[in-house]
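Q: here's my sequence, what's the structure:
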Amino acid sequence: MGDGQWYSRQFMSEQTLSIQPHPDFPQRDQPAGPKQSISPYRSRWSLVVSGVCAGVLIAALGTILWFAATQPKLQRVEEPDRALDLMVSRMLDAQDSLRRAPQWQQWLADWTMDSQDEARRQTIQWYRELAETTDDPLSKLRLAILLGESGQETTALAESKGWKSRGTSALLFEQLIEAAYGPQPLDRAHEAELQATLAEALPGGWFYDHLAVRLARRADDQDLLVTVEAQAVLREDRVQRWISPLIVWELLCLVIGSVMLLGIVGLKGQRKDSLRLHLPGVPPPWPGGTAAAVILRGGALEVVTTVVILSSSSFLHASLRAFAIPLANLPLLILAYVQLLKPAGLTFRDGFGLRIERENLGRLACSILAVVAAGLWGEWVVGQAAEFLSLNDHWTEWFDQELVWGTLPVMAVSVIEYVLFAPIFEELAFRGLLFAMIRRRFEFLPAALISTSLFALAHGYSLIGFLSVFWSGFLWAWIYERTGSLIPGMVAHAMNNLLVCLTVMALLR
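A: Residues are numbered from 1 along each chain as shown. Purely as a prediction, here's the structure:
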């Protein structure tokens with residue numbers, strides 16, 4: 001039976017308020033006879049309830065977008081000065097370490113990471129925002145060092161001139177910048193005093209090392225110059241040891257997955273079904289009206305449950321917080337099983353393709369690698385476009401305090417949430433239910449665009465973050481359409497989140 005015939009049958013069954021099992025699903029999994037049921041969501045009172053639930057969801061999404069647009073981003077981090085110092089120092093250490101890396105690694109880093117000029121431009125912009133917001137002398141000092149090390153010595157000196165009315169520390173910092181980047185000569189005695197001031201002002205790291213090296217070179221202090229540069233090399237190599245395996249792993253996924261992706265895209269006609277892992281897939285064998293009501297009510301209950309969890313002091317404990325995501329999604333899953341899956345004679349495994357036969361494991365691996373590679377290509381395109389248009393995502397969007405500063409149990413819970421719970425429950429909700437419900441009425445492209453837009457908006461990111469999440473969600477909807485199983489999207493989602501978590505921890509923890 002063709003897709004058009006099956007869709008027509010399902011549409012007619014919905015209009016007559018009967019729910020039939022999927023015609024292509026194995027007979028052994030079907031109930032003994034067709035079930036006739038009257039939709040519980042057709043009454044006036046039921047429509048009012050669905051309308052209220054829709055209002056709750058719209059309000060929740062509006063709140064996320066309102067906070068994303070109006071809340072100062074620096075307020076999302078408890079210690080923004082400390083966080084930005086750590087992040088910028090490690091980023092620039094990683095950039096500097098590439099000078100001693102093999103040529104292939106330099107080429108790969110140029111391809112996968114921001115260029116050094118782009119990285120400096122972003123960090124200067126971030127420190128301008130921090131200096132203007134907090135009026136912290138140390139932030140201004142770091143901003144001036146960034147400007148000076150980026151070849152903008154005149155701008156760095158002009159920046160320091162505005163510190164004279166800021167107190168004693170600002171005057172000392174101005175002397176450091178003038179001595180390091182100004183035209184006047186520097187003698188050893190004065191350099192020793194300035195080095196002592198610098199050691200008290202800044203901890204060891206990229207900012208301290210570069211300013212200390214500048215001062216040592218100006219005074220021809222070779223002993224100190226050798227010592228500071230050696231310390232910098234040790235720190236840069238330590239960062240590189242953590243980052244290099246992640247870059248290699250990303251490259252392997254990209255190369256192997258790209259081959260798989262080309263093979264999948266090249267499939268035509270009936271050969272497209274060779275990627276099928278499970279039936280029924282999409283469109284699903286349940287009424288779209290009932291599915292809409294389930295999504296609205298289950299989503300509203302999820303919002304209410306999430307608010308209760310966030311308001312409860314009990315869930316501040318790491319061991320209990322691990323259950324927050326499953327508990328919040330439980331109402332939606334219960335409604336989906338009772339109102340959609342069970343009447344169609346399906347279990348969760350059968351309804352969402354969560355059961356893969358052994359002979360299909362090769363196709364499953366191919367699907368996962370292809371989607372991961374497509375995601376990496378998309379990230380590269382977004383990054384290149386952002387650099388060309390001088391667009392930045394804000395650093396607070398990917399700085400996770402619990403991964404960077406949290407205790408081991410807190411960090412472990414965060415990793416479980418990102419790598420296990422988020423992929424499972426987000427794929428069930430946004431692809432298994434929302435995308436599948438819209439897919440009953442529309443072709444793949446509009447259904448994927450609508451559901452993925454909602455998915456990306458719900459994350460509350462800026463434009464670049466939105467595009468990144470949108471592209472990933474679109475790919476996961478596409479692979480669900482092609483395979484009939486949520487497992488490829490879940491695993492690709494988990495791999496994407498794991499790579500982000502490992503990168504943040506390797507670079508910043």
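Q: which of the helices or strands spans residue 240?
A: Using DSSP states H and E, residue 240 sits within helix 222-265.
Q: what pLDDT, on average, does the helix or strand following that helix get?
A: Next along the chain after helix 222-265, taking DSSP H and E as the criterion, comes helix 288-311. Taken as a whole, helix 288-311 has an average pLDDT of 92.
Q: list the buried residues of helix 288-311.
A: The neighbour-count check on helix 288-311 (16 or more other C-beta atoms under 10 Å) flags 288-303, 305-306, 309 as buried. For the C-beta atoms, the positions are set from N, CA and C on the backbone; glycine is no exception.
Q: so how far is it off the chain centroid?
A: 23 Å (C-alpha atoms, centre = their mean, to the nearest Å).
Q: please apply the same query to stretch 266-286.
A: 29 Å.
Q: just the endpoints, please. Distance across it?
A: 32 Å (C-alpha to C-alpha, to the nearest Å).
Q: could you report the separation of residue 216 from residue 89?
A: The gap separating residue 216 from residue 89 is 19 Å, by C-beta to C-beta, to the nearest Å.
Q: equivalent analysis for residue 192, please.
A: 25 Å.
Q: next: residue 220.
A: Taking C-beta to C-beta as the measure, residue 220 falls 27 Å from residue 89.
Q: between those two, which one's more packed in?
A: Ranked by neighbour count (other C-beta atoms under 10 Å), residue 220 and residue 89 place residue 89 first, with 22 against 11.
Q: I'd say the more buried one and residue 207 touch.
A: Yes - shown here, residue 89 and residue 207 form a contact pair, counting by C-beta atoms under 8 Å, at 6.5 Å.
Q: straight-line length of stretch 434-453, end to end?
A: 11 Å.
Q: tell me how far that stretch is from the chain's mean position?
A: 22 Å.
Q: swap in stretch 231-250?
A: 22 Å.
Q: report the buried residues of that stretch.
A: Going by 16+ other C-beta under 10 Å, stretch 231-250 has these buried residues: 232, 235-236, 239-240, 242-244, 247, 250.
Q: same check on stretch 445-464?
A: 447-449, 451-452, 454-462, 464.
Q: mind checking how far that stretch is from the chain centre?
A: Taking mean C-alpha positions (C-alpha atoms, centre = their mean), stretch 445-464 and its chain are 13 Å apart.
Q: likewise stretch 158-171?
A: 39 Å.
Q: kindly report the same for stretch 369-383.
A: The answer for stretch 369-383 is 13 Å, by C-alpha atoms, centre = their mean.
Q: next, give me the two most distant ones among the buried residues of stretch 445-464.
A: 447 and 462 (25.8 Å; C-beta to C-beta).
Q: quick revisit: what's the helix holding residue 240 packed up against?
A: helix 80-97, helix 103-112, helix 206-218, helix 361-388, helix 487-508 (3 or more C-beta pairs under 8 Å, 6 or more residues apart in numbering; DSSP states H and E).
Q: quick one: that helix to helix 361-388, angle?
A: Counting by axes from the mean of the first three to the mean of the last three C-alpha atoms, to 10 degrees, helix 222-265 lies at 130 degrees to helix 361-388.
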